[in-house]
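Q: Would you be able to build a 3D model of this:
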Amino acid sequence: MMSSIKFFTILLCFLVAFLYNVQSIRYYAHVSFLVVVPTFKERSDSIEYVARNLNRGSMFWSLGLRAFYLSFPLFLWIFGPIPIFVRCCVMSIVLYFLDTTTSFTRDLHCQSIREKRKETDVDA
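A: Down below sits the predicted model:
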């Protein structure tokens, strides 16, 4: 009985991840068509519509990845409580570094921008 609950939970998690990723692909494909449609500069509502759909696609992509991330600890749940606890701790640390901008990553980003500017600068 308990193993069937575990397998159902894992299956449900993968199904949710799949649906979120399909929804994100749907929004991105819709935005790719909307971007090439000509619009007037005075009409900002169509530009806002495209931006809103792009943000929705990004949100669904993020939620789909989160569901896949959650599926790894659930898979280890089959082997007992200790592997799932360890994986949840590791996953929390990984997601913390993926979701926050530390000074280290900010400095790396700024440094790459400065190097790119130096390469493209032309001496007069």
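Q: Which of the helices or strands spans residue 22?
A: Per DSSP states H and E, residue 22 falls inside helix 2-35.
Q: after that helix, next one along is what?
A: helix 44-76.
Q: Run the chain-centre distance for that next one.
A: Put simply, helix 44-76 sits 6 Å off its chain's centre (Cα atoms, centre = their mean, to the nearest Å).
Q: what's the helix or strand for residue 84?
A: Applying DSSP H and E, one finds residue 84 within helix 81-99.
Q: before we move on, back to that, tell me which other helices or strands the helix holding residue 22 touches.
A: Under the contact criterion of 3 or more Cβ pairs under 8 Å, 6 or more residues apart in numbering; DSSP states H and E, helix 2-35 touches helix 44-76. (Glycine included, C-beta is placed from N, CA and C.)
Q: now the helix it packs on against helix 2-35, angle please.
A: Helix 44-76 runs at 160 degrees relative to helix 2-35, counting by axes from the mean of the first three to the mean of the last three Cα atoms, to 10 degrees.
Q: Mind giving me the packing neighbours of helix 44-76?
A: helix 2-35, helix 81-99.
Q: And for residue 77, nearest residue in space, chain neighbours not counted?
A: Spatial nearest neighbour of residue 77, excluding adjacent residues (Cβ to Cβ, 6 or more residues apart in numbering): residue 84 at 4.6 Å.
Q: which residues does that neighbour contact?
A: Residues near residue 84 by Cβ atoms under 8 Å, 6 or more residues apart in numbering: 73-74, 76-77.
Q: Tell me where the model's unsure across this structure.
A: Residues of the chain meeting the criterion pLDDT under 70: 101-124.
Q: right, and residue 47 touches residue 39 too?
A: Yes. Using Cβ atoms under 8 Å, residue 47 is in contact with residue 39, at 6.5 Å.
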